[in-house]
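Q: Build me a model from this:
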Amino acid sequence: MRKFGLIGYPLGHSFSKKYFTDKFLMDHIQDCFYENFPLTNIDQLGKLITEEPDLCGFNVTIPYKSDIIRFLDSISPEAGEIGAVNVVKIKREDSLVKLHGFNSDVTGIRDSLIPFLTGDISRAIVLGTGGSSRAVCFVLKNLGLKTTVVSRSRKPGTIKYTELTAELLSDAGLIINTTPLGMYPDVTSKPDINYSILTKNQILFDLVYNPEMTLFLKMGAEQGCSVISGKKMLHSQAEKAWKIWNDDSL
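A: Here you go, the predicted structure:
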């Protein structure tokens, strides 16, 4: 039996276990199992790897997408440039265990955005500065969009929410939430931006997928914005992870 799973903390918001369990049933994959592994500390990873000898790979979610890197034996170029990993492949040879890191968020973000982007969109605002934010900025850079990153506190290369002017907000054709604001169970929270000046010419993309329609997206939709939920990204990045785990060349 091959085992896969998800590490992070907390994991009550995650749909990954259901997604892969359903996939195994629908695709008649009988030798695989997917489990959640809520780690309160990333240093518990070594114990998990030892106690789960059938574990062949796992996904990584908040807050460990960057912290996981110090445990890895290798990392893909994309994940290295981004500085975040959300897929780990485990290779075991006798007593030797090697961990290899990848970033499938890039695939999920790109697949979610491409159908909505037009030549009129040249500027984007990214809310948040975590591992998912860095994956988003990587994709936007490759798509040729000028990006402003917004943080709660002063950080290099970012602006604070209090510095997000009406002009900056209006000029952005795409606004992406990479924070956990609005994620179950805290469904009444949202990024602190001026929603009243948003228009039908703008796109809002939320990486949160539980709930599918967050308060961030609802308020954008009320202003006529096009909205993209995180569900497409969830499915796309999960399928990319499955390919990574089953590609012997990686």
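Q: any chance you could map the strands in this structure?
A: Assigned by DSSP state E, the strands in the chain fall at 2-8, 32-38, 55-60, 74-75, 87-93, 96-102, 123-127, 146-151, 159-160, 174-177, 203-206, 226-228.
Q: Pick the most buried one from those.
A: Mean neighbours per residue, mean count of other Cβ atoms under 10 Å, is largest over these for strand 174-177, with a mean of 27. C-beta coordinates here come from the backbone N, C-alpha and C atoms, glycine included.
Q: avg pLDDT for that one?
A: Predicted confidence along strand 174-177 averages 98 (mean pLDDT).
Q: quick one: strands adjacent to that strand?
A: strand 123-127 (parallel), strand 203-206 (parallel) (DSSP bridges).
Q: Make a markdown table from the ones you listed and add distance to Glu81 and mean pLDDT to it.
A: As requested, the strands paired with strand 174-177 are exported to a markdown table (distance: least, Cβ to Cβ, whole Å; pLDDT from 0 to 100):
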| stretch | distance to Glu81 | mean pLDDT |
| --- | --- | --- |
| strand 123-127 | 16 | 98 |
| strand 203-206 | 21 | 98 |
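Q: Could you report the distance from the nearest residue to Pro185 once chain neighbours are set aside to His100?
A: Leaving aside its chain neighbours, Pro185 sits nearest to Gly12 (7.3 Å; criterion: Cβ to Cβ, 6 or more residues apart in numbering). Distance of Gly12 to His100, given as Cβ to Cβ, to the nearest Å: 28 Å.
Q: hang on, the earlier thing: next, format the strands paired with strand 174-177 as CSV and append distance to His28.
A: CSV is the format used below for these (distance: least, Cβ to Cβ, whole Å):
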stretch, distance to His28
strand 123-127, 40
strand 203-206, 33
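Q: Figure out which of the ones you listed is closest to Phe4.
A: strand 203-206 (25.9 Å; Cβ to Cβ).
Q: How far off centre is the closest one?
A: On the basis of Cα atoms, centre = their mean, to the nearest Å, strand 203-206 sits 14 Å off its chain's mean C-alpha point.
Q: got the CA coordinates for that strand in CSV?
A: Provided in CSV are the C-alpha atoms of strand 203-206 (Å, rounded to 0.1, in the frame of the first residue of the first chain):
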residue,chain,number,x,y,z
ILE,A,203,-10.6,40.4,-11.5
LEU,A,204,-10.5,39.1,-8.0
PHE,A,205,-8.7,35.8,-7.4
ASP,A,206,-8.8,34.1,-3.9
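Q: Could you list the residues in contact with that strand?
A: 112-113, 116-117, 121, 173-177, 182, 198, 214, 216-217, 220-221, 225-230 (Cβ atoms under 8 Å, 6 or more residues apart in numbering).
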